[in-house]
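K.L.:
pasting the structure only:
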C-alpha cells in the first residue's frame with residue numbers, strides 16, 4: 001500500500017547538517033523501513049531508511065542498474081553522467097557484468113596492494129602539507145590540500161601522469177554539474193577522450209597502474225576507459241569531502257583527536273566514525289532499479305521502480321547505533337554502510353581508509369591547533385553538483 005502520488009514526501013537537494021538528520025528523514029526512519037517518496041527530479045521512488053533493511057537489500061540481486069527503458073527511468077536527479085550508469089541489458093546480463101567488473105577491479109585494491117601504496121600516499125601527504133603550511137594561515141583546506149591529495153593518490157593508482165593531472169579536476173567538476181546539462185555533456189565527452197588517450201598511451205607504455213593492468217587485451221579500450229572514468233569520479237570528490245568533514249569533526253573534539261593521535265588503533269576507529277558520520281542523508285547515487293516485482297518491508301516494489309539506497313541515512317539509525325548523532329571516535333562496533341555492503345561494497349574502501357588515516361595523522365601532528373576559520377554553519381557548501389561537501393574550507397592554526 002502506497003501513499004497517493006500527490007501526498008508523497010518530497011526529497012530535496014539541501015545539504016544535510018553535520019551529525020544531524022533532517023526532520024523529514026528522521027520522521028520517515030521512525031515511521032518505517034521503506035517509503036514511497038518524490039525525488040528532487042520530480043520522479044517517484046522508494047527510499048530505504050533503516051540499517052537492517054538496507055543491509056538486506058544490498059545483498060539482493062533483484063536490485064541493480066538495469067532498466068528496460070533507460071530514457072524513461074525515474075531518477076533522483078537529472079545528470080548525463082548518471083544516464084551512463086543505467087543499462088538496458090536484461091537483469092541477468094546486468095548481474096553478470098557487475099560481477100565481472102568486481103572480479104577485474106577488486107584485486108587491484110586488495111589489502112596487499114594498498115599496503116604497497118602506503119609510501120607514495122605518505123609522500124604525497126608530506127609534500128602537500130609542506131606547501132600548505134609554508135603559505136601560512138588562513139588556508140583553504142579543501143582546495144589546497146584535501147582535493148590535491150586525493151587527486152595525487154588517485155592519479156598514481158589509476159595511471160594519470162603528473163603533467164596530465166591539472167585538467168582532470170576541471171573535467172570531473174564539469175561532469176558533476178546539475179545546472180548546466182549541455183556543459184556536463186561536453187565535459188563528459190572531453191573526459192572520455194582524455195581517458196581514452198591515456199588508455200592508448202598505456203597500451204604502448206604500460207606501468208604499475210590500474211589502466212595498464214586492465215589493458216591486457218581482455219577488455220576493449222572503450223571498456224577500460226569507462227571503468228577508469230568511473231573510478232576517477234568515485235575516488236576524488238567523495239574522499240576529499242569525507243576528509244574535510246573528518247578534519248572539522250576532529251578539530252571540534254580535541255580530546256578524541258588527541259587519543260587518536262596517541263594510538264593507531266584509536267585512529268583506525270576514528271576513521272570509521274568519520275566515515276559513519278560523513279553525510280547525514282542524501283548519499284543515494286548511483287541509481288538502482290528493481291528487476292522484478294518484489295515484496296519488501298510491507299510494500300510491493302514493482303519491476304522498474306527506482307529504489308534509493310541512501311548509504312548515509314542508515315548510519316544515523318537509532319536501532320543500529322547508540323547516540324547516532326554524536327561523534328564517538330572510539331565507537332565499536334561501527335557497522336556503518338558508507339562503503340555499501342555485499343555485492344555493492346566499495347572496492348576502493350581500503351585505499352580510502354589509508355588516505356584518511358594518513359592525512360588525519362600527519363595534519364594534526366604538524367598542526368595540532370588547526371580549526372575552521374568560521375563556525376560550521378557558516379562554511380560554504382557546493383551547489384548544483386552531483387557531489388556534496390564544502391566548496392571551500394578555510395582553516396587557521
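P.N.:
Thanks, I have it. Nothing here was measured: the structure is a model prediction, and the numbers come from that model.

K.L.:
Output the contacting helices and strands for whichever strand or helix holds residue 96.
P.N.:
Here residue 96, judged by DSSP states H and E, is contained in helix 91-105. With contacts taken as 3 or more C-beta pairs under 8 Å, 6 or more residues apart in numbering; DSSP states H and E, helix 91-105 sits against strand 63-64, helix 221-235. Just so you know, the C-beta spots here come from the backbone N, C-alpha and C atoms, and that holds for glycine as well.

K.L.:
Can you report how many residues lie near residue 209?
P.N.:
Look at residue 209: counted by other C-beta atoms under 10 Å, it has 20 neighbours.

K.L.:
Was I right to think it contacts residue 156?
P.N.:
Yes: in terms of C-beta atoms under 8 Å, residue 209 counts as a neighbour of residue 156; the distance is 7.4 Å.

K.L.:
Can you work out which residues contact both of those two?
P.N.:
Residues touching both residue 209 and residue 156 (C-beta atoms under 8 Å, 6 or more residues apart in numbering): there are none.

K.L.:
Specify the beta-bridge partners of residue 289.
P.N.:
Per DSSP bridges, the residues bridged to residue 289 are residue 64, residue 306.

K.L.:
Tell me how many other residues surround it.
P.N.:
25.

K.L.:
do residue 127 as well
P.N.:
Residue 127: 13 neighbours (other C-beta under 10 Å).

K.L.:
could you give me the average pLDDT of the helix or strand hosting it?
P.N.:
Using DSSP H and E, residue 127 maps to helix 111-134. Averaging pLDDT along helix 111-134 gives 97.

K.L.:
Over to stretch 40-60?
P.N.:
97.

K.L.:
now do the same end-to-end measure for that stretch.
P.N.:
Across stretch 40-60, the terminal residues are separated by 26 Å (C-alpha to C-alpha, to the nearest Å).

K.L.:
what's the answer for stretch 8-16, then?
P.N.:
First residue to last in stretch 8-16 (C-alpha to C-alpha) measures 20 Å.

K.L.:
buried set for it?
P.N.:
8, 11, 15-16 (16 or more other C-beta atoms under 10 Å).

K.L.:
can you check stretch 31-49 too?
P.N.:
Buried, per 16+ other C-beta under 10 Å, within stretch 31-49: 33-41, 43, 45-49.

K.L.:
Just those: which are in strands?
P.N.:
Here DSSP state E is the test, and the buried residues of stretch 31-49 give 34-38, 45-48 as lying in strands.

K.L.:
Can you pick out the most distant pair from these?
P.N.:
Pairwise distances across these (C-beta to C-beta) peak at 15.6 Å, for the pair 38 and 48.

K.L.:
center of the chain - which residue?
P.N.:
The centroid of the chain falls nearest to residue 238 when counting by C-alpha atoms, centre = their mean (4.1 Å).

K.L.:
Apart from its chain neighbours, what residue comes closest to that residue?
P.N.:
Using C-beta to C-beta, 6 or more residues apart in numbering and skipping the chain neighbours, the partner closest in space to residue 238 is residue 387 (6.5 Å).

K.L.:
Tell me which stretches of the stretch 201-350 of the chain form helices.
P.N.:
In the stretch 201-350 of the chain, the helices defined using DSSP state H, counting those that start in this stretch lie at 210-214, 221-235, 237-252, 254-262, 264-276, 349-366.

K.L.:
any chance of those helices in CSV, plus distance to residue 287 and mean pLDDT?
P.N.:
Shown next, in CSV, are the helices of the stretch 201-350 of the chain (distance: least, C-beta to C-beta, whole Å; pLDDT from 0 to 100):
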stretch, distance to residue 287, mean pLDDT
helix 210-214, 25, 95
helix 221-235, 14, 93
helix 237-252, 17, 97
helix 254-262, 36, 98
helix 264-276, 23, 98
helix 349-366, 21, 98
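
K.L.:
Give me the mean pLDDT for the helix holding residue 96.
P.N.:
93.

K.L.:
in that helix, what's buried?
P.N.:
Under 16+ other C-beta under 10 Å, the buried positions of helix 91-105 are 91, 94-95, 98, 104-105.

K.L.:
Also stretch 381-391?
P.N.:
Of all the residues in stretch 381-391, those buried under the rule 16+ other C-beta under 10 Å are 382, 385-390.

K.L.:
Relative to residue 87, which of the residues you listed is nearest.
P.N.:
For the buried residues of stretch 381-391, the nearest to residue 87 is residue 386 (19.0 Å; C-beta to C-beta).

K.L.:
what's the closest non-adjacent residue to that closest one?
P.N.:
The spatially closest residue to residue 386, leaving aside those adjacent along the chain, is residue 176, at 4.1 Å (C-beta to C-beta, 6+ apart).

K.L.:
Residue 81 is in contact with that neighbour, correct?
P.N.:
Yes: judged on C-beta under 8 Å, residue 176 makes contact with residue 81 at a distance of 7.1 Å.

K.L.:
now residue 309: how far from residue 77?
P.N.:
15 Å (C-beta to C-beta, to the nearest Å).

K.L.:
Neighbour count: these two, which is higher?
P.N.:
The residue with more neighbours, out of residue 309 and residue 77, is residue 309; 23 against 16, by other C-beta under 10 Å.

K.L.:
List the contacts of that one.
P.N.:
Residues in contact with residue 309, defined by C-beta under 8 Å, 6+ apart, are 48, 54, 57-58, 63, 284, 288, 340, 344.

K.L.:
ok, back up a step: residues contacting the helix holding residue 96, please?
P.N.:
61-62, 64-66, 87, 89, 210, 214, 218-219, 227, 231, 291-292, 343, 347.

K.L.:
before we move on, what about stretch 80-88?
P.N.:
Contacts of stretch 80-88 (C-beta under 8 Å, 6+ apart): 65-70, 73, 75-76, 93-94, 97, 175-176, 181, 184-185, 188, 226, 230, 233, 285-287, 289, 386.

K.L.:
and if you look at stretch 205-220?
P.N.:
Contacts for stretch 205-220 (C-beta under 8 Å, 6+ apart): 104-105, 108, 156-159, 198-199, 202-203, 221, 224, 227-228, 231.
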